[in-house]
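A.B. asks: let's see this in three dimensions:
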Amino acid sequence: MKRAGAGAGVLAIPGLLAACGGGDTTTTAGSGATTTAGAATTTGAAPTGNIKIGFVSPRTGPLAAFGEPDPYILELARKKVAGGITVGGKLYSVEIIDRDGQSNPARGAEVAQELINSDKIDLMLTTSTPETANSVSDACEAAGMPYIVTQCPWEAWYFGRGAKPNEPSPFKFGYIFSFGVDQFYKAYVSQWSLIPTNKKVGVMWPNDADGNAMRSALGPQLTKAGFTVVDPGAYEDGTNDFSTQIALFKKEDCQIFQNFSLPPDFATFWRQAAQQGYKPIIPQCSKAGLFPSEIEALGPIGINLIEAVYWAPIYPYKSSLTGLSSQELADGYESSTKKQWNQQLGPSMALFDVGIAALTASGNPNDKAAVLAAVPTLSVETPVGQITWAGTAIPNVQTIPVIDGQWVKGSKWPVEWQSTENANDAKVPIQAKLVPWA
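C.D. replies: Got it, this is the predicted structure:
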């Protein structure tokens, strides 16, 4: 089997950062400086063991915006483990091997299998939507590989892969920390109550893991809360004509719009809606519209779109591995890349906070059973909050908050996101008052 990114080298120089701009990379960190929280202090002695961490995310394809900050996060993580980590009194060098799932489930499964079978990793980390996370997770389950997931609605990850309500979890090797329907519901009801509407909600929920999770769980919750849900039915990802849906939303006077579309699909829908005269008061985005590059590409019709985020620089939490606050994480990214902060910075950094903590707590990072047993014992501070699976309703699942806000014309950047509610986490400050889109 051909390895993804075959041209990427293995950097075996202790302390050297990988050049992680575009392709898949591998870095070995061995001897050198002292590591910070999440990894034990090292002394500069030669490592006597080696740890391999796999990391899979979408760097190309329709979900590429989720992977945009990966090179920066990978650089931070590699730098902090450049001296190796001490586990059970033994010094281990650390390799972080990253792969691009290409926004494609089949490709995600393929690179996961390569990491497991060819690279012989000790722990898998994966992020960013079911299109990546679910196939990587399934590959890990089949191989008995410990894995940790983030940034994927937990219902789409859990029920979308075959788990059943009120039955024991069928997943023995994986844990997720992410938002779910309850977090979206709480944010939406909080946000939508800020502006008077007729409470009619036109929804665009595709025939995929995210869309089906929203249809089965969010729809009934909104109806129970007094909203009228206007659902034209599931559509296929990649649809390029939304005239039928737009006509229905106009006919029913849906003053609220909510979607869980792939970013290119939402851009197509939103441009067609503008052309055909559909102008909701509250256009609530999810999955699409998460990143400033998407909003900028829409031009004037992107201003004042509403988006619930899963991390922002205003989050009052820090990375235990790097010691960076959320604001410092964003500032460093902007300074290093000359790009606007991207909300995937928070959960991707959190994956390494949790992953390194699990390996350190395992006592033997090359023993998959020991690594797996360490995960539910953790309590780790991350940019998205404190992560622990102790006492969770579903043993594999830890939820994190989402905060709703609005994309507005910026001062430093062309568009800027501002929080307008904080029902899921009162520690996150509210920055602005919500204004109608139309």
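A.B. asks: could you use CA atoms for every contact and neighbour count after this?
C.D. replies: Will do.
A.B. asks: all helices for this structure, in order.
C.D. replies: 70-80, 105-117, 130-143, 154-158, 181-192, 209-213, 219-224, 243-251, 263-276, 292-298, 326-337, 345-361, 368-374 (DSSP state H).
A.B. asks: state the mean pLDDT of the last one.
C.D. replies: In this case it means helix 368-374. For helix 368-374, the mean pLDDT works out to 98.
A.B. asks: what would it look like as PDB? C-alpha coordinates only.
C.D. replies: The C-alpha trace of helix 368-374 is given here as PDB (Å, rounded to 0.1, in the frame of the first residue of the first chain):
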ATOM      1  CA  LYS A 368      -2.300  -0.100  24.400                       C
ATOM      2  CA  ALA A 369      -4.400  -1.400  27.300                       C
ATOM      3  CA  ALA A 370      -2.500   0.900  29.700                       C
ATOM      4  CA  VAL A 371      -3.100   3.900  27.500                       C
ATOM      5  CA  LEU A 372      -6.700   3.100  27.100                       C
ATOM      6  CA  ALA A 373      -7.200   2.600  30.900                       C
ATOM      7  CA  ALA A 374      -5.600   6.000  31.600                       C
END
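A.B. asks: packing partners of that helix?
C.D. replies: When contacts are defined as 3 or more CA pairs under 8 Å, 6 or more residues apart in numbering; DSSP states H and E, helix 368-374 sits against helix 345-361.
A.B. asks: helices and strands around the helix it packs on, which ones?
C.D. replies: In this structure, helix 345-361 makes packing contacts with helix 70-80, strand 85-87, strand 123-127, strand 147-150, helix 326-337, helix 368-374, strand 380-382, judged by 3+ CA pairs under 8 Å, 6+ apart.
A.B. asks: buried stuff in the longest one?
C.D. replies: Read it as helix 326-337. Neighbour counts over helix 326-337 (16 or more other CA atoms under 10 Å) mark Ser326, Gln327, Leu329, Ala330, Tyr333 as buried.
A.B. asks: just send these back as JSON lines, with pLDDT and distance to Asp237 too.
C.D. replies: Formatted as JSON lines, those follow (pLDDT from 0 to 100; distance: CA to CA, whole Å):
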{"residue": "Ser326", "pLDDT": "98", "distance to Asp237": "34"}
{"residue": "Gln327", "pLDDT": "98", "distance to Asp237": "35"}
{"residue": "Leu329", "pLDDT": "98", "distance to Asp237": "33"}
{"residue": "Ala330", "pLDDT": "98", "distance to Asp237": "32"}
{"residue": "Tyr333", "pLDDT": "98", "distance to Asp237": "32"}
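A.B. asks: list just the nearest of these to Ser379.
C.D. replies: Ser326 (18.2 Å; CA to CA).
A.B. asks: for the closest one, what are its contacts?
C.D. replies: Taking CA atoms under 8 Å, 6 or more residues apart in numbering, we find Ser326 in contact with Ala312, Pro313, Ile314, Tyr315, Pro316, Tyr317, Lys318, Ser319, Gly346, Pro383.
A.B. asks: which of these has the most neighbours?
C.D. replies: Counting neighbours by other CA atoms under 10 Å, the top entry in those is Pro383, with 30 neighbours.
A.B. asks: could you single out the nearest of the contacts of Ser326 to Tyr188?
C.D. replies: Proximity of the contacts of Ser326 to Tyr188, judged by CA to CA, is greatest for Ala312, which lies at 17.5 Å.
A.B. asks: these two touch, right, the closest one and Gln343?
C.D. replies: Yes: with contact defined as CA atoms under 8 Å, Ala312 reaches Gln343; the gap is 5.7 Å.
A.B. asks: worst average pLDDT in the helices of the chain?
C.D. replies: For those, mean pLDDT drops lowest on helix 209-213, to a mean of 90.
A.B. asks: and that one, how far out from the chain middle?
C.D. replies: Chain-centre distance of helix 209-213: 16 Å, with CA atoms, centre = their mean, to the nearest Å.
A.B. asks: which other helices and strands contact that helix?
C.D. replies: Helix 209-213 packs on helix 154-158, going by 3+ CA pairs under 8 Å, 6+ apart.
A.B. asks: name the helices or strands packed onto the helix it packs on?
C.D. replies: Partner elements for helix 154-158 (3+ CA pairs under 8 Å, 6+ apart): helix 130-143, strand 174-178, helix 209-213.
A.B. asks: including mean neighbour count and distance to Ile356, could the ones you listed go into CSV?
C.D. replies: Below are the helices and strands packed on helix 154-158 laid out as CSV (neighbours: other CA atoms under 10 Å; distance: least, CA to CA, whole Å):
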stretch, mean neighbour count, distance to Ile356
helix 130-143, 23, 18
strand 174-178, 24, 14
helix 209-213, 22, 29
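A.B. asks: out of these, flag the one nearest Asn240.
C.D. replies: Here helix 209-213 is closest among those (CA to CA), at 17.1 Å.
A.B. asks: ramachandran angles for the residue positioned nearest the centre of the chain?
C.D. replies: With the centre of the chain defined as its mean C-alpha position, the nearest residue by CA atoms, centre = their mean is Gln151, 2.5 Å away. Main-chain dihedrals, Gln151, degrees, to the nearest 10: phi 50, psi 60.
A.B. asks: now do the contacts for it.
C.D. replies: So Gln151 contacts Thr127, Ser128, Thr129, Phe177, Ser178, Phe179, Pro347 (CA under 8 Å, 6+ apart).
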